[in-house]
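1. predicted model follows, preceded by the sequence.
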Amino acid sequence: ALAGLRVVVRQPVLATLTLSTSLGALAGGMLPVVVAVAATRAGSPAAAGLLLTALAVGALAGSALWTRWPAPVRRAPWWVAGALAATGLPVLAGAAHPTLPVLAVLFTIAGVADGPLFGALLTTRQHWSPPELRSQVFTLGAGAKITAAAAGAALAGTLSGATTAAQLAVAGTIPVAAAAVAAGGFARARHEPSFAA
């Protein structure tokens, strides 16, 4: 595991990928709590499940699109950055008009971006990981995202007294900030892994 951790820390693309997608997962962990609060305040607690279903349906559609038209491997990191922004912007837009029908549409759009985000994440991680350490790199990346999602749920819990608009603004801003981190890191990184040179 230490060898895999060294690769993640020292390889700029993997380090950027892990940091940015973990930030994105922080927002993902917030959403179930934010949605539950929003639906309860709107007088329809059951609508929380519908909003999360809208997100999942969008993600399934986005995954199907990625499967049909995947980005070239060398462009996959930039798809991660773009998709992070595209998952956050609809949620951020929901802060301006946080009614359940509007949120259902916006969450579906965010979900569509989430499918390519995951596909590009896996493509990038596979391409830039040394084959003999790939399982460690994947495991560490997954662990970081799971931890970040849990932290996001805790963060959303602490913000549950804030307005729905404020909660959505925080949950939408985090992936947009993560996209900026990703873009900056990928721009400075080597474009090919050293073991492929």
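-> Structure's in. What do you need? For clarity, every value in this text was computed on a predicted model and none was experimentally measured.
2. what about the nearest residue to residue 189 once chain neighbours are set aside, neighbour count?
-> In space, residue 189 comes closest to residue 12 once its chain neighbours are excluded; the distance is 3.7 Å by Cβ to Cβ, 6 or more residues apart in numbering. For glycine as for every other residue, the C-beta is placed from the backbone atoms N, C-alpha and C. Residues within reach of residue 12, counting by other Cβ atoms under 10 Å, total 14.
3. state the distance from the residue positioned nearest the centre of the chain to residue 149.
-> Centroid-nearest residue in the chain: residue 24, 3.7 Å away (criterion: Cα atoms, centre = their mean). To residue 149, residue 24 is 10 Å away according to Cβ to Cβ, to the nearest Å.
4. please apply the same query to residue 18.
-> Separation of residue 18 from residue 149 (Cβ to Cβ) stands at 14 Å.
5. who's more crowded, these two?
-> Shown here are residue 18 and residue 149; by other Cβ under 10 Å, residue 18 has more neighbours (23 against 20).
6. am I right that that one is in contact with residue 8?
-> Yes. Residue 18 is within contact range of residue 8, at 5.5 Å (criterion: Cβ atoms under 8 Å).
7. quick check: neighbours shared by the two?
-> Common neighbours of residue 18 and residue 8, counting by Cβ atoms under 8 Å, 6 or more residues apart in numbering, are 140-141.
8. which residues of the protein fall in helices?
-> 2-10, 12-41, 47-68, 76-94, 100-128, 134-158, 164-188 (DSSP state H).
9. ok and the shortest one relative to helix 100-128, angle-wise?
-> This means helix 2-10. Between helix 2-10 and helix 100-128, the angle comes out at 110 degrees (axes from the mean of the first three to the mean of the last three Cα atoms, to 10 degrees).
10. give the buried residues for helix 2-10.
-> By 16 or more other Cβ atoms under 10 Å, the buried positions in helix 2-10 come out as 4, 7-8.
11. again, but for the last one
-> Within helix 164-188, the residues that qualify as buried are 164, 167-179, 181-183, 185-186, counting by 16+ other Cβ under 10 Å.
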